[in-house]
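Asks: Need coordinates for the following:
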Amino acid sequence: QVQLVESGGGLVQPGGSLRLSCAASGNIFSVYAMGWYRQVPGKQRDLVAAITSGGSTNYADSVKGRFTISRDNAKNTLYLQMNSLKPEDTAVYYCNARISTVLAGVRTYDDYWGQGTQVTVSS
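Replies: All right, here's what the predicted structure looks like:
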């Protein structure tokens, strides 16, 4: 059983900052690519930023220069530092990770999602 638990969301004024965290736990053999997605009601879930196990990153154009994704491989934890927040960044943010597990000698690869954390940017 693998769980992703997010934290760090909340209400912030425009121009403010927040740092999201996502901790993976459970029967983990290895963690590969990880990413942050966001979703507003009635719209699809969109990629915000992603990072490989080696540290290569990519960002949505709308957050480049404002958001920074990072990870601590020793702790199986993903971060998203969000600066200069705008009202249009308001959404539920989800973390995603590709994780391998081993059960009875069989390695399995799956994509896992966190439960989501609300980020609201408003004055």
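
Asks: any idea which strand is longest in this protein?
Replies: Secondary structure assigned by DSSP state E gives strand 91-103 as the longest strand of the chain.

Asks: Who are the packing partners of that strand?
Replies: Using 3 or more C-beta pairs under 8 Å, 6 or more residues apart in numbering; DSSP states H and E, the elements in contact with strand 91-103 are strand 2-7, strand 18-26, strand 30-39, strand 77-82, strand 106-113, strand 117-121. Where C-beta positions appear, they are placed from N, C-alpha and C, glycine not excepted.

Asks: which stretches of the protein have low pLDDT?
Replies: Counting by pLDDT under 70, the chain contains no low-confidence range.

Asks: hmm, try it at 90
Replies: Counting by pLDDT under 90, the low-confidence segments of the chain come to 1, 103.

Asks: roughly how far apart are G105 and Y32?
Replies: As for G105, its distance to Y32 is 20 Å (criterion: C-beta to C-beta, to the nearest Å).

Asks: Comparing these two, which residue is more hemmed in?
Replies: Neighbours were tallied for G105 and for Y32 using other C-beta atoms under 10 Å; the higher tally belongs to Y32 (13 against 5).

Asks: Leaving out chain neighbours, which residue sits closest to that one?
Replies: With C-beta to C-beta, 6 or more residues apart in numbering as the criterion, Y32 has its nearest non-adjacent residue at 4.2 Å, and that residue is R98.

Asks: and that neighbour, what are its bridge partners?
Replies: D111 (DSSP bridges).

Asks: again, but for V12
Replies: V121.

Asks: so how far is V2 from it?
Replies: Using C-beta to C-beta, we find V12 at a distance of 30 Å from V2.

Asks: what about G9, neighbour count?
Replies: Based on other C-beta under 10 Å, the number of other residues close to G9 is 19.

Asks: thinking again about what came up before, out of the helices and strands packed on strand 91-103, flag the one nearest E88.
Replies: Smallest distance to E88 across the helices and strands packed on strand 91-103 (C-beta to C-beta): 7.8 Å, for strand 117-121.

Asks: Nothing else from me, thank you.
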